[in-house]
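Undergrad: Structure of the sequence below:
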Amino acid sequence: MSTLNWNELLSETICFFFSSVKDFIICNISSIYLSLVVINLFSLYLQYYDNRISILEQKLSKNLLNIDICDSSSDSETEDTLEKVLYERVAKSKKEIIDAMYILLEKNPSLKNTEVSKKLGLTSLQHSGYITLIFLKENPELFIRDDETKLWNSIL
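TA: The predicted model follows:
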């Protein structure tokens with residue numbers, strides 16, 4: 001009888017083991033499949049938004065330049081239009097920088113041009129303050145410099 005019990009026990013153990021392995025494999029295959037589906041969906045999602053972003057970037061660049069390339073009859077007209085639009089954008093940016101410098105000097109009088117540059121983030125390693133010096137000197141109706149201290153102030 002003890003041999004029979006041993007055989008039955010061994011048989012049940014083997015059946016349980018294979019049943020567990022089978023369930024384990026099925027469970028893992030299901031998990032892997034689900035993971036692949038999720039990864040595939042996420043990949044499609046990223047492709048969709050990547051395409052949307054590139055389309056939006058193209059539209060944005062056209063809108064910022066205010067140019068419809070299809071309307072231009074020649075390359076020289078396109079270049080002239082591009083130069084005009086870029087000139088207008090730079091002029092607008094320059095005005096905004098000068099406005100910011102005026103507000104800064106109004107709130108913080110008596111600054112050196114390098115200090116103005118640093119506070120507005122207009123510095124480079126080699127030429128700190130040159131761009132603000134140009135803007136300050138070009139606008140004597142807005143800014144005045146003390147010749148002794150070389151400090152700039154806004155004209156109130």
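Undergrad: Can you list the low-confidence ranges for the protein?
TA: Scanning the chain for pLDDT under 70 picks out 1-11, 14-22, 24, 26-28, 34, 57-78, 125, 127, 156.
Undergrad: now the strands for it?
TA: With DSSP state E, the ranges of strands along the chain come out as 143-145, 152-154.
Undergrad: how about those in a markdown table, adding distance to Gln126?
TA: Every residue, glycine included, has its C-beta placed from N, CA and C. Putting the strands of the chain into a markdown table (distance: least, Cβ to Cβ, whole Å) gives the following:
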| stretch | distance to Gln126 |
| --- | --- |
| strand 143-145 | 23 |
| strand 152-154 | 21 |
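Undergrad: and those, which is most packed in?
TA: strand 152-154 (a mean of 19; mean count of other Cβ atoms under 10 Å).
Undergrad: which other residues reach it?
TA: Strand 152-154 has contacts (Cβ atoms under 8 Å, 6 or more residues apart in numbering) with 102, 105-106, 109-113, 116, 136, 142-146.
Undergrad: Try it again at 7 Å.
TA: Under the contact criterion Cβ atoms under 7 Å, 6 or more residues apart in numbering, strand 152-154 has outside partners 102, 105-106, 109-111, 113, 116, 136, 142-145.
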